[in-house]
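>>> how would this look folded up:
(2 chains)
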2 protein chains.
Amino acid sequence: MAKNLTTRQEDYSKWYNELVIKADLAENSGVRGCMVIKPYGFAIWEKMQAELDRMFKETGHQNAYFPIFIPKSYFSKEASHVDGFAKECAVVTHYRLKNDEEGNGIVVDPEAKLEEELIVRPTSETIIWDTYRKWIQSYRDLPILVNQWANVVRWEMRTRLFLRTAEFLWQEGHTAHATKKEAIAEAEQMLDIYADFAENYMAIPVVKGLKTESERFAGALETYCIEALMQDGKALQAGTSHFLGQNFAKAFDVKFADKEGKLDYVWATSWGVSTRLMGALVMTHSDDNGLVLPPNLAPDQVVIVPIYRNEEQFDAVSEVAHELMKELRSKGVRVKFDNRDTHKPGWKFNEYELKGVPVRIAIGPKDVENGTVEVARRDTLSKEMMQREEASEAIEKLLKEIQKNLFAKAANYRENNTTEVSSYKEFKEVLESKGGFILAHWDGTPETEEQIKNETKATIRCIPIEGDTAPGSCMVTGKPSARKVLFAKAY
Amino acid sequence: MAKNLTTRQEDYSKWYNELVIKADLAENSGVRGCMVIKPYGFAIWEKMQAELDRMFKETGHQNAYFPIFIPKSYFSKEASHVDGFAKECAVVTHYRLKNDEEGNGIVVDPEAKLEEELIVRPTSETIIWDTYRKWIQSYRDLPILVNQWANVVRWEMRTRLFLRTAEFLWQEGHTAHATKKEAIAEAEQMLDIYADFAENYMAIPVVKGLKTESERFAGALETYCIEALMQDGKALQAGTSHFLGQNFAKAFDVKFADKEGKLDYVWATSWGVSTRLMGALVMTHSDDNGLVLPPNLAPDQVVIVPIYRNEEQFDAVSEVAHELMKELRSKGVRVKFDNRDTHKPGWKFNEYELKGVPVRIAIGPKDVENGTVEVARRDTLSKEMMQREEASEAIEKLLKEIQKNLFAKAANYRENNTTEVSSYKEFKEVLESKGGFILAHWDGTPETEEQIKNETKATIRCIPIEGDTAPGSCMVTGKPSARKVLFAKAY
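Below is the predicted model of the structure:
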């Protein structure tokens, strides 16, 4: 298998597109902007889902399912929400097709026009809060901690596999609380869970922060986010958690009686991550040889490739492979023995390199004789000989090391590509020459934010929660700045 | 909590509707025909998903994801498929809304009309086979064993929670094979998996069989199904597996080169079960007191309710409860300790009865003193005192016994409500008096099938694979019959 992968240096964007397709993660479908997630890509997404779902449940959340369609009028109920979401969307206007009387195949039946158009959900706040009105009467019904795994549709004009597609998969949490304090704590808890997941499973270091007013979710009082840095120096928003205040409760008239019987509107949060994380995963770790997957999310953590010239050798090698596989499985390692006789070892090596399998083991007749195995790491592309008897324990450790190494490498890259600047001139120079994250003072106004965006294409990724909180003066206007904020060009 | 549940005797249909809502499984949404699956209902569905997904993966299937939208023209490619599916469906005609210039809120933007309408998938054969064309060149690419968990939409006019809804959740397997034999074996294997799941997890006995030509899936050469009998004597189709022949491969031009390089069309299957299974689960086991859940699918298998009058008693009871809970959890039992002080024990007893928790344990101060616990079974509503020390082992056994008992009870009901008849007169009498499954000879023609349906509302549920295969003569026409087939009125 010739990889023929464009290098990152040559064309990062092309490298990404090719890799997603060649590594069998996803492909474009016959439907504009909608992707097909292939089995290998979906297996990675399933691993992400399983870990996130466990984290959600451990913090008391339950899954539920709400309709894919939202009546058009629901969007109008929350004023800022409608501007953000009810524009570029898929609109269902009819509920029947019929055979054309003039023989032109099937056509929309004009008599089956809906009284009110239905929108394919771009996000579910409105339909969910319309439902919560029925679920909530008293403080005893609170909190409601619900999550939904679902598909959503936003009619994007320019699409890219995983990063921006018309249909994508995600989870959306929607919680309801008796107090403002509790809702804010929930929004912050979920941000921490996302950061934990990104760093410890995806091996992606993230900056936790708050969005500026102009970048907030439509309908939120505060949007928390995690921001990651890709290898081309561009930022990617990897997850958001919103404190919605009482906006949706007011829009959908959701009140509860407190212990004293006094009525008040319910406080809300919503939070989500999507298949966009697949794009972040690819762009953070992969190299010119293909995918590099962190062991914690790799569908196959270890693959064993037999080397042989005849059946006798194959049998001897297979015996060792099966023993090793058994040992590894007993340690909870996901291992595959690729004993297909339709492909040569070289082809397989290439294939697993392209697909990012963290550890590759080769066993040949000499190894059987010497009691050794050859172990190759995908992250460093280095190889070493191991004693067969020590292999399973060593590989278990190695997987942990690879996981750590990927994170360290990405953290190191981010450190080297985060620059603090003190003037707008310096800001533009850094943006031009090396990109990456830039920390700079900003006066807190949407006007200055807009000006910077128009002049440089860089946006405020977030107001970081941690890090240097010293005040200063805005690099553009010289006006007071509460603290440095994080800029970057972004996906 | 007063249950106020209509009894099955009074009005079976009303009993079902009330129960689904009162037990917090699902409810109707503000969108016509679309349901909200509530957390408790969804937790049961997740258990079903987990078991089925494991069974699919153990037989070599992988999950993937295909677009929710299907271009209208795709449906026209498979002639019989279009008649079956492209009629009552949700049609997306536009991709943008805008603010009305006359101030009437948001309206569909007439300039954003799609060139070709998109159908919200009612089933995915067409979009998937359009994709498989790109995946399949040679026999080396086969078989493809792919499953998808997804939402689908069929515009039903009369809807009922879980049983018939406009949007529902399901899984759809779509496989591609080099030979007819292999495809048929796959379709049969999946039928066996469905039957295994229905009987051993849902505790629902099913009849495996083949659909008659007129009841086949649109586009299939053969439809296999499992049929279950509900407590009102009506049948419910619980799962189908289709041998699609080369129909979709021909419609979408999917050919492969065999080992000799000869080109041939690919052979296909598809198979699915849906949230309809939730309806089957409710209707098979539940009673006038509420849900009855088989332990293998119950989100909580055991609930412990403390009985106490003061804090001291509560502490003593809690200590025992926590110990017992720990023991049960170490045995893999899903157990919950309901220590809420906002509700009385009586309320809780009622609640868990309504929600079908298989085993309820009550522990009071006397029990602490005597080293006992009170154990109540949901299936028989019987109670017994157990020695505290023997409880966890006994409960582990009890859960298995309940699982078996539910199956036995349902199997017994089915046996008592399956009647073999030899004349059309007898057929009508049985149908009128007791309903249930009726085995009778049929001449194999769609005309006779249609006549019986029109005259009695009973349909041929399936041509059973097992059971009495003796030939005879049709109860209606007297013409030769290959074997008795299974009739019933159906959901």
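
>>> the residue lying farthest from the centre of chain A in helix, strand or coil?
Within chain A, the residue lying farthest from the chain centre (CA atoms, centre = their mean) is residue A:102, at 48.5 Å. Using DSSP: H, G, I helix; E, B strand; the rest coil, the structure places residue A:102 in coil.

>>> against residue B:115, how distant is it?
Residue A:102 sits 19 Å away from residue B:115, going by CB to CB, to the nearest Å. Glycine gets a C-beta too; all of them are placed from N, C-alpha and C.

>>> for the closest residue to chain B within the stretch 301-450 of chain A, what is the enclosing helix or strand?
Nearest to chain B in the stretch 301-450 of chain A, going by CB to the nearest CB, is residue A:342, at a distance of 6.1 Å. Here residue A:342 sits in a region with no helix or strand, counting by DSSP states H and E.

>>> just the pLDDT for it.
According to the prediction, residue A:342 has pLDDT 86.

>>> doesn't residue B:140 make contact with it?
Yes - using CB atoms under 8 Å, residue A:342 is in contact with residue B:140, at 6.1 Å.

>>> who has more neighbours, those two?
The neighbour count for residue A:342 versus residue B:140, taken as other CB atoms under 10 Å in any protein chain shown, is higher for residue B:140 (13 against 7).

>>> now the more buried one: phi and psi?
phi -70, psi -20 (degrees, to the nearest 10).

>>> residue A:482: what's it in contact with?
A:444, A:471 (CB atoms under 8 Å, 6 or more residues apart in numbering or on different chains).

>>> quick check: phi and psi on the residue farthest from the centre of chain A?
With angles defined as degrees, to the nearest 10, residue A:102 sits at phi -100, psi 10.

>>> tell me which element the residue nearest the centre of chain A falls in.
Geometric centre of chain A, nearest residue: residue A:277, 1.7 Å, by CA atoms, centre = their mean. Using DSSP H and E, residue A:277 sits within helix A:276-285.

>>> ok, and what's touching the helix or strand following that helix?
As assigned by DSSP H and E, the chain's next helix or strand after helix A:276-285 is strand A:302-306. Identification of contacts with strand A:302-306 by CB under 8 Å, 6+ apart yields A:314, A:317-318, A:321, A:324-325, A:328, A:333-339, A:345, A:348-349, A:352, A:357-364, A:395, A:399.

>>> same check on stretch A:174-183?
A:61, A:124-125, A:128-129, A:132, A:136, A:139, A:142-148, A:186, A:243-245, A:249, A:254, A:256, A:258, A:266-270.

>>> quick one: low-confidence residue ranges for chain A.
A:1-2, A:79, A:86 (pLDDT under 70).

>>> how does it divide into domains?
A:12-69+A:129-285, A:302-404, A:419-488 (automatic domain parsing).

>>> of those, flag the one that's most buried.
domain A:12-69+A:129-285 (a mean of 21; mean count of other CB atoms under 10 Å in any protein chain shown).

>>> ok so, going back, mind checking which of the contacts of strand A:302-306 land in strands?
A:335-337, A:359-363 (DSSP state E).

>>> closest to residue A:227 among those?
Nearest to residue A:227, judged by CB to CB, of the ones in strands among the contacts of strand A:302-306 is residue A:359 at 30.6 Å.

>>> just checking, that closest one touches residue A:374?
No - if you go by CB under 8 Å, residue A:359 and residue A:374 don't touch, sitting 10.9 Å apart.

>>> brilliant, that's me finished.
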